[in-house]
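Peer 1: Prediction below, plus the sequence it came from.
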Amino acid sequence: MGLSLGDLYTSGLLFLNAIAVLHEERFLTKHGWSTNSPDVTLNPASLKSKVLSIVKAVRLVMTWPLIFLNILTILFKLILG
């Protein structure tokens, strides 16, 4: 039972889906990961602000490609098992 390219693809897709569904007001603000927090506004080069910018970029740019990749993955799993 080894690690295949299909497993890497599926895990990457699931990771991108998890990032895409994070809601800033409902989830991230509760844990101190908001763009309005002083850590992010005072120090834009911090790790927290960079992670938040990646989350925003994934949500903005990857919405339609993720929908397409999810549909392809579902069809592939249905047809080939």
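Peer 2: Nice, thanks for sending it over. Numbers count the residues shown, from 1 in each chain.

Peer 1: Quickly find the element holding the most centrally placed residue in the chain.
Peer 2: For the chain, Ile19 is the residue whose C-alpha lies nearest the centre (CA atoms, centre = their mean; 2.1 Å). Using DSSP states H and E, the element containing Ile19 is helix 5-20.

Peer 1: can you tell me which residues contact the spatially closest residue to the residue nearest to the centre of the chain that is not a sequence neighbour?
Peer 2: Spatially, and ignoring its direct neighbours in sequence, Ile19 is nearest to Val58 (4.7 Å; CB to CB, 6 or more residues apart in numbering). No exception for glycine: its C-beta is placed from N, CA and C like everyone else's. Val58 makes contacts with 16, 19-20, as judged by CB atoms under 8 Å, 6 or more residues apart in numbering.

Peer 1: how close does Met62 get to Gly2?
Peer 2: 28 Å (CB to CB, to the nearest Å).

Peer 1: ditto for Lys56
Peer 2: 36 Å.

Peer 1: neighbouring contacts of the helix holding Ile19?
Peer 2: 54-55, 58-59, 62-63, 66, 69-70, 73.

Peer 1: Kindly format the C-alpha coordinates of that helix as CSV.
Peer 2: Taking C-alpha atoms only, helix 5-20 is exported to CSV below (Å, rounded to 0.1, in the frame of the first residue of the first chain):
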residue,chain,number,x,y,z
LEU,A,5,0.1,10.2,-7.7
GLY,A,6,-3.6,9.8,-7.4
ASP,A,7,-3.4,9.9,-3.6
LEU,A,8,-1.2,13.1,-3.8
TYR,A,9,-3.7,14.7,-6.2
THR,A,10,-6.7,13.8,-3.9
SER,A,11,-5.0,15.0,-0.8
GLY,A,12,-4.0,18.3,-2.5
LEU,A,13,-7.5,18.8,-3.8
LEU,A,14,-9.0,18.1,-0.3
PHE,A,15,-6.5,20.6,1.2
LEU,A,16,-7.5,23.3,-1.3
ASN,A,17,-11.1,22.6,-0.6
ALA,A,18,-10.6,23.0,3.1
ILE,A,19,-8.9,26.4,2.6
ALA,A,20,-11.6,27.5,0.2
